[in-house]
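Q: below: sequence and its predicted model.
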Amino acid sequence: MTEPSRASAALVYSDELSRHVLSPNHPMRPVRLRYMHELMRASGVLDSPSLLQVEPRPASREEILRYHDADYVDAVRVIGAGGIVPNMYEFGIGPGDNPPRKGIYDSTALTAGGTLVATELVQSGAVPVAFAPAGGVHHHAMSNRASGFGVFNDAAIAIRGLADSGLRVAYVDIDCHHGDGVQAAFYGTDRVLTISLHEGGQWLFPGSGFVEETGEGAGEGYSVNVPLAPYTQDELWLRTFDQLVPPLVRSFKPDVLFVQLGIDTHFKDPLTHLQLTTQGFTAAVTRLLALGAECGRTVAVGGGGYDMGAVARAWTMAMAEMTGFALPEQVPPDYDLVQGLTTFADVPGPPPLPDDTAGEVEQYADQTVAAVKKAVFGRFGL
Ligand SMILES: [Zn+2]
């Protein structure tokens, strides 16, 4: 027996994860992770005695091949080394969301490796909760192509490893976009339950994530999609979550809860239309951590998030929840990497919706809840 660790949570991070640039003016700015980390430092979260800080390592080619096709992985390696791949468009790489760039292989392999380190820390019992904030944003990447800023799908790679070692995994994705790549990876299996709450595909990339996508074969009923309407705010989002996620996860009885904590649901996010606040997001994290505590193992990754202030605050608040650290209300005044931040919570939040809009948004959420219950609850004896 080894001594039990004092740490209640781990953070897998290195500034190396924040240094690359996808292209000039690209909305996905890895520097957001450094902004986050410096806010964690300034606010005292990093000094928490219950926090274990761990460096990432690059995922090996063999690990990446758990999910991705060899010819795709080879193409990314060639592009990353500055070489030319004539059919790169077939692999989803080109000007736009997934630009070719030198270093693309190394930075993405390091991100995937960070998620693997977090997963190993939880799997070994070193900590009950581990957070790899660089991960998760690759949740659109498919086995044979890049998609939506995603190159190597770290969540799919890590979950495949857990599933291959005989563990049951529940994946809950609260990013504003449908977690289509992770869903696709486990669409045919009943060993991994995927649940994605997101803005509906008729309004937002990637155009999928409808309730009817419930899995296939042995996986029928194990893919759960919870689309929400633009302008959905905290209270309605959380009410929807509460009606679906806890009963499904508890009935599935996972060995590991794997959560994707995208914060592009934020009302100031420039790419999306849900209207959550950092306190609404944190309330979701609290609920997820409570669910994860029931199985004793929670792996958390980051995700989308294109408003720099929202990212820095929300993931600092998430890390504080994981370590039981009491954050101050105010963002420390000497923190100046993101301008204009005053409090961790959004005060004020978004303005209340006009009555007719609020009614439509609520009706959409209620229809989604009813449809999800009809589509999959029976499978879980609910
Ligand atoms: Zn997203």
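A: Looks like it arrived, so ask away.
Q: C-alpha only now, for contacts and for neighbours.
A: Noted.
Q: my guess is Val376 contacts Asn225, does it?
A: No. Contact criterion Cα atoms under 8 Å: Val376 and Asn225 do not qualify, at 10.0 Å.
Q: who has more neighbours out of those two?
A: With neighbours defined as other Cα atoms under 10 Å, Val376 and Asn225 compare such that Asn225 has more, 29 against 22.
Q: what sits against the more buried one?
A: Asn225 is in contact with Ile195, Ser196, Leu197, His198, Gly209, Phe210, Val211, Glu212, Glu213, Thr214, Val372, counting by Cα atoms under 8 Å, 6 or more residues apart in numbering.
Q: what's the separation between it and Asp47?
A: Distance of Asn225 to Asp47, given as Cα to Cα, to the nearest Å: 38 Å.
Q: sorry, back to before: what's the most distant pair in the contacts of Asn225?
A: His198 and Thr214 (15.2 Å; Cα to Cα).
Q: the more surrounded of the two?
A: Legend: neighbour count by other Cα under 10 Å for His198 and Thr214, higher for His198 (27 against 22).
Q: can you give me the buried ones in stretch 288-295?
A: Going by neighbour count (16 or more other Cα atoms under 10 Å), the buried part of stretch 288-295 is Leu288, Leu289, Leu291, Gly292.
Q: and what of stretch 116-128?
A: For stretch 116-128, burial by neighbour count (16+ other Cα under 10 Å) applies to Leu116, Val117, Ala118, Thr119, Glu120, Leu121, Val122, Gln123, Ala126, Val127, Pro128.
Q: with stretch 242-260 instead?
A: Residues Leu244, Val245, Leu248, Val249, Phe252, Pro254, Asp255, Val256, Leu257, Phe258, Val259, Gln260 are the ones in stretch 242-260 that count as buried (16+ other Cα under 10 Å).
Q: and stretch 195-207, by the same measure?
A: Neighbour-count burial for stretch 195-207 flags Ile195, Ser196, Leu197, His198, Glu199, Gly200, Gly201, Leu204, Phe205, Pro206 (criterion: 16+ other Cα under 10 Å).
Q: show me what His198 is bridged to.
A: For His198, the beta-bridge partners under DSSP bridges are Pro227.
Q: how about it, what does it touch?
A: By Cα under 8 Å, 6+ apart, His198 lies in contact with Ile174, Asp175, Cys176, His177, His178, Gly209, Asn225, Val226, Pro227, Leu228.
Q: near the ion, which of the residues you listed show up?
A: With Cα under 5 Å from the ion as the criterion, the contacts of His198 include Asp175, Cys176, His177 near the ion.
Q: Ala358: which of the residues you listed is nearest?
A: Cys176 (18.7 Å).
Q: and the nearest residue in space to Thr232 that is not next to it in sequence, how far is that from the ion?
A: With Cα to Cα, 6 or more residues apart in numbering as the criterion, Thr232 has its nearest non-adjacent residue at 5.1 Å, and that residue is Leu274. Leu274 sits 11 Å away from the ion, taking Cα to the ion, to the nearest Å as the criterion.
Q: pLDDT score for Leu274?
A: Per-residue pLDDT puts Leu274 at 98.
Q: okay, now it: neighbour count?
A: When neighbours are defined as other Cα under 10 Å, Leu274 has 24 of them.
Q: geometric centre of the chain: which residue is closest?
A: Nearest to the mean C-alpha position of the chain, by Cα atoms, centre = their mean, lies Gln260 at 2.4 Å.
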